[in-house]
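1. Next input, structure requested:
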Amino acid sequence: MNTRPPEPAEPATPPSYEGLLHDQYGAETVARGRAEAQATLGLSDPRTALGPGAVAPLFALSDSNGATVSLAGLLQQGPTVLIFYRGGWCPFCNVYLRTFQLARPHLRALGAQVVLISPEQTTRGQALAERRALLFPVLSDVGNAVARQYGLVFQIPQELRAEYLADGVDLAERNGDPSWEVPMPATFVVAADGRIQYAFVSADYTQRAEPAEVLTTLRRLHTRR
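-> Numbers count the residues shown, from 1 in each chain. Predicted structure coming up:
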């Protein structure tokens, strides 16, 4: 007898990051988190990031299983969505990754590949993938080498590190890198020709691109085929 539970129904519309965020944490907690984020706003500048029309730097990174995933290989299959996130310790990142997980049927229907990139070590990425049952490759960009090419990297200053450590977040340990550098959260859509068609980068780590915006770009690319 087959006891496997039925597959969950595919959502008719893509989920909303803002909607999931408020559903999971509530308006008061979200507002408090956004107030705390104000302390980091002057640390980074989205204008340093690559934008639409730029050629996406190629890369090859290890996924949570130790396999190498290359952007060139992904683009051979079709347009690719690159999601740079701070790490599995960030609650806003976790909600965002879940949002795209729920949007996966819509992304697949348009032939899009999605990869998740953070500076955390492979073991951390593996733990996150298993804990969140992620169906996208979780790539380890130790030292932020790739994020730096995309213009996303900034450093957490000494005065804020104590707050992170008090919350149990030791970035030097998690990332295997003493620099305390992290990427600005960013979402890019890269067309099969290697050019960036959509870019969302924010100095405010609570703000993220909605899946609906990404899907609009992917539909436009799909109609060009």
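2. tell me the phi and psi of the residue nearest the centre of the chain?
-> Ranked by distance to the mean C-alpha position of the chain (C-alpha atoms, centre = their mean), the top residue is Ile83 at 3.1 Å. The main-chain torsion angles of Ile83 are listed as degrees, to the nearest 10 and equal phi -120, psi 110.
3. Next up, the contacts around it.
-> Residues counted as contacts of Ile83 (C-beta atoms under 8 Å, 6 or more residues apart in numbering) are Tyr96, Leu97, Phe100, Val114, Val115, Leu116, Ile117, Ala186, Thr187. No exception for glycine: its C-beta is placed from N, CA and C like everyone else's.
4. hey, what's it bridged with?
-> For Ile83, the residues forming beta bridges with it (DSSP bridges) are Leu116, Thr187.
5. Distance check, it against Trp180.
-> The spacing between Ile83 and Trp180, counted by C-beta to C-beta, to the nearest Å, is 22 Å.
6. Pull the contacting residues for Val153.
-> Taking C-beta under 8 Å, 6+ apart as the criterion, Val153 is in contact with Asn144, Ala147, Glu181, Val182, Pro183, Met184.
7. Name all residues that make contact with Thr217.
-> Listed by C-beta under 8 Å, 6+ apart, the contact set of Thr217 reads Val189, Gln197, Tyr198.
8. so it sits in a strand?
-> No - with DSSP: H, G, I helix; E, B strand; the rest coil as the criterion, Thr217 is assigned helix and is not in a strand.
9. Apart from its neighbours in sequence, what residue is nearest it?
-> If the residues on either side of it in the chain are set aside, Thr217 comes closest to Tyr198, at 4.1 Å by C-beta to C-beta, 6 or more residues apart in numbering.
10. Where does the one you found sit, in terms of helix or strand?
-> With elements delineated by DSSP states H and E, Tyr198 resides in strand 196-201, which encompasses its position.
11. Convert the lowest-mean-pLDDT helix or strand in the chain to CSV, retaining C-alpha atoms only.
-> Every helix and strand in the chain was compared by mean pLDDT, DSSP states H and E; the lowest is helix 122-132, with a mean of 88. Presented in CSV, the C-alpha positions along helix 122-132 are these (Å, rounded to 0.1, in the frame of the first residue of the first chain):
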residue,chain,number,x,y,z
THR,A,122,29.2,24.2,3.0
THR,A,123,28.3,22.5,6.3
ARG,A,124,26.1,25.4,7.3
GLY,A,125,24.5,25.4,3.8
GLN,A,126,23.8,21.7,4.1
ALA,A,127,22.2,22.1,7.5
LEU,A,128,20.0,24.9,6.2
ALA,A,129,19.0,22.9,3.1
GLU,A,130,18.0,20.0,5.3
ARG,A,131,16.2,22.1,7.9
ARG,A,132,14.2,24.0,5.4
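12. mind listing what's buried in the longest helix seen in the chain?
-> In the chain, assigned by DSSP state H, the helix with the most residues is helix 17-37. Counting neighbours by 16 or more other C-beta atoms under 10 Å, one finds that the buried residues in helix 17-37 are Tyr17, Leu21, His22, Tyr25, Val30, Ala37.
13. Quick one: low-confidence residue ranges for this protein.
-> Counting by pLDDT under 70, the low-confidence segments of the chain come to 1-12, 225.
14. what comes up buried for stretch 73-87?
-> Leu74, Leu75, Gly78, Pro79, Thr80, Val81, Leu82, Ile83, Phe84, Tyr85, Arg86, Gly87.
15. Pick the one among the residues you listed closest to Leu221.
-> Using C-beta to C-beta, Pro79 is the member of these that lies nearest Leu221, at 5.2 Å.
16. ok, the closest one to Val138 distance?
-> The separation that Pro79 has from Val138, given C-beta to C-beta, amounts to 20 Å.
17. Kind regards, and thank you for your time.
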